[in-house]
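1. After the sequence you'll find the predicted model.
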Amino acid sequence: MKELRINYKSIRLGSFLYLSLPVVLFFIGFVKWNIALPAILFIGWIVFKLGREKEDSRYVTFKINTLLIVIFIFILWAYFGGQGGLFYQTSDWNERNAIFRDLIQFDWPVYYPKTDTMLTYYIGHWLPAAGMGKVINILSSNRVLAFQIGNLFLALWTIIGVLFTYLLMIIYIQPKSKNLKWIILVVFIGFSGMDVIGCILEKWNWQTFMEWMHLEWWSPGYQFSSNTTDLFWVFNQAIPAWVATMLFLNEKSPKHYAFIIGCLLLAATFPAVGLAVLMIGKYIGDLIRVIHSKSQKNFLIETLSVSNIGSVLLLVPTILSYLLMNSAIGKTKENTYVLSDQLHLTSTMKGLIIVMSIVALIGLIYIWIKRREVQKQKSLRFILGSLVLLLLLIGMVITHPETRRIYFVFLTLECGIYWLCLAPDFANRYLYYLIAGTLLVFPMIHIGTSIDFCMRASIPSLIILTTLCAKKICDWIYNGKRFNGIQNASTILLIGFLCIGSITPIVEVGRGIYKATESGTTSLQADQIKSLNKYHETGRTYYNFVSEDYKNKFFYKNYAVLR
């Protein structure tokens, strides 16, 4: 059968369009025209220039039937996650369906007259589908039909994002055999920490498990979500974050770093912070490299690109001012999911987190400079040495013994073992240490009323970890005979650990099947709230998703379209 060849330039352009279209719609609907027009023209110019850049030699080839099978698998994955409202939806869908319906039925920006609040949330992923729903609503005057068709378009938009992520992953890994694309697909869908072992070690209440069927709640105060969990629970943040992170991995210069972050902020704020940290770390490493090679002039020109400067001036301030209106900011004391020891971090402890981050960064830079020595030593002692001080400082920050124990068990099972298995292949790569540093520090940072920062800011690092695991396995399958004993052993162990981790996504899928079987129907849409234009049953507003004091906020006074 005829093969389809997709070059990286097309995948890259499509991915940038995917990230930027919601931002364009945001400026059209939410922002005054004197501010929106320059931003829209700027985005259009960047996309136009991206389309005119010279060809990249990288590409992906698929037989047509193979690509169709891959797309079908992604459709099935999204279907089991509740996309389109056609199958069981997790409890988080209640608020997400309400937000989506409000974006279809209310004028933009969305103001709620019954509570005198304003929708203030990371809404980017919904905007294209909500725009389609608005068109249907205008043409048919049927709100139910508009919501249903909008949901189908949202499912399509979600699947497109998953496909872009997969294609970008293939571009980065560059598998030497066509069949290895299936390995990448399996690792992408099945990647997860070893939550089932955590449940056993922490003597998980299995009665609670049978009620909720969610393995990742085994470690109170901490959670790194599997890719399947992200798709099923927080698709609106995970998918844009995946696409943005894979673009970052494949970019050869910092020319569009700020543009990627500016677009991602609207859809996935905490993941954007996590990705920005990785970008800054990689930028410092690349800067040291170009200084050594005396080629810093071109590097600085790329840094001060129109894309970066325009994003910092036009996109980031507007979107940040919108997001900072959210009323959940500053409500950490109401958090019931965070361990008490974490809630009472003193200013000294917070300072230690900053200090240890700086120390870790210095250590990472030193290792990057000495990367050839690292590669030659072939020893985990040198690799782990850079992170020992970081771990010790975290141990000082976490004063409660039980919290400290849970933290280290959590890190070991969720990412630490995978990180060690990757050492023989990636210990000489700067990014390898960056993801370790972020995954060590992010669980200690808490913003808002839950552990969302830990769960969401880690998404970029975890999708990179997924990609490195897939690459190691692909390289081992293709070049296994040339690998040494350590590489062979570490890859076999990695595959075994990934199989244990895959129990989590299996449970995520199984929960929906179990609920559908139990109820006798697949139509289990979580849509009890309907709209945020009302008070919560507790008498408060839905402050996680709105601004209660929006009229006194900078965005409303200076940027917002007034209704």
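-> Here it is on my side, so go on.

2. my guess is residue 411 meets residue 437, correct?
-> No - under the criterion of C-beta atoms under 8 Å, residue 411 makes no contact with residue 437, lying 12.0 Å away. Backbone N, C-alpha and C define where each C-beta goes, glycine included.

3. Could you list every helix and strand in contact with the helix ranked longest in the chain?
-> For the chain, the longest helix by residue count, based on DSSP state H, is helix 143-173. Contact here means 3 or more C-beta pairs under 8 Å, 6 or more residues apart in numbering; DSSP states H and E; on that basis helix 143-173 packs against helix 8-30, strand 59-63, helix 64-80, helix 93-105, helix 127-140, helix 180-190, helix 235-250, helix 459-479.

4. For those, give me CSV that also has distance to residue 506 and mean pLDDT.
-> Formatted as CSV, the helices and strands packed on helix 143-173 follow (distance: least, C-beta to C-beta, whole Å; pLDDT from 0 to 100):
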stretch, distance to residue 506, mean pLDDT
helix 8-30, 29, 97
strand 59-63, 27, 91
helix 64-80, 11, 96
helix 93-105, 21, 96
helix 127-140, 29, 96
helix 180-190, 8, 97
helix 235-250, 18, 98
helix 459-479, 16, 95
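
5. Rounded mean pLDDT for the host helix or strand of residue 265, please.
-> Residue 265 is part of helix 257-267, with elements assigned from DSSP states H and E. Averaging pLDDT along helix 257-267 gives 97.

6. Nearest residue to residue 312 in space, ignoring adjacent ones along the chain?
-> Among residues not flanking residue 312 along the chain, residue 258 sits closest, at 5.3 Å (C-beta to C-beta, 6 or more residues apart in numbering).

7. Would you mind measuring from that neighbour to residue 442?
-> Using C-beta to C-beta, to the nearest Å, residue 258 is found at 21 Å from residue 442.

8. ditto for residue 67
-> Taken as C-beta to C-beta, the span from residue 67 to residue 442 is 35 Å.

9. Have a look at those two and say which one is more surrounded.
-> The neighbour comparison of residue 67 against residue 442 (other C-beta atoms under 10 Å) goes to residue 442, with 21 against 18.

10. Can you classify that one by secondary structure?
-> At residue 442 the chain is in helix, as set by DSSP: H, G, I helix; E, B strand; the rest coil.

11. Double-check it against residue 455; I have them as touching.
-> No - in terms of C-beta under 8 Å, residue 442 does not count as a neighbour of residue 455; the distance is 9.1 Å.

12. so who does residue 501 touch?
-> Contact analysis of residue 501 by C-beta atoms under 8 Å, 6 or more residues apart in numbering lists 190-195, 226.

13. Can you name the residues that contact residue 22?
-> Here residue 22 is in contact with 123-125, 127-128, 240, 263, 266-267 (C-beta under 8 Å, 6+ apart).

14. ok, 7 Å please
-> The contact partners of residue 22, taken as C-beta atoms under 7 Å, 6 or more residues apart in numbering, are 124-125, 127-128, 266-267.

15. I'm done for today, thanks for sticking with me.
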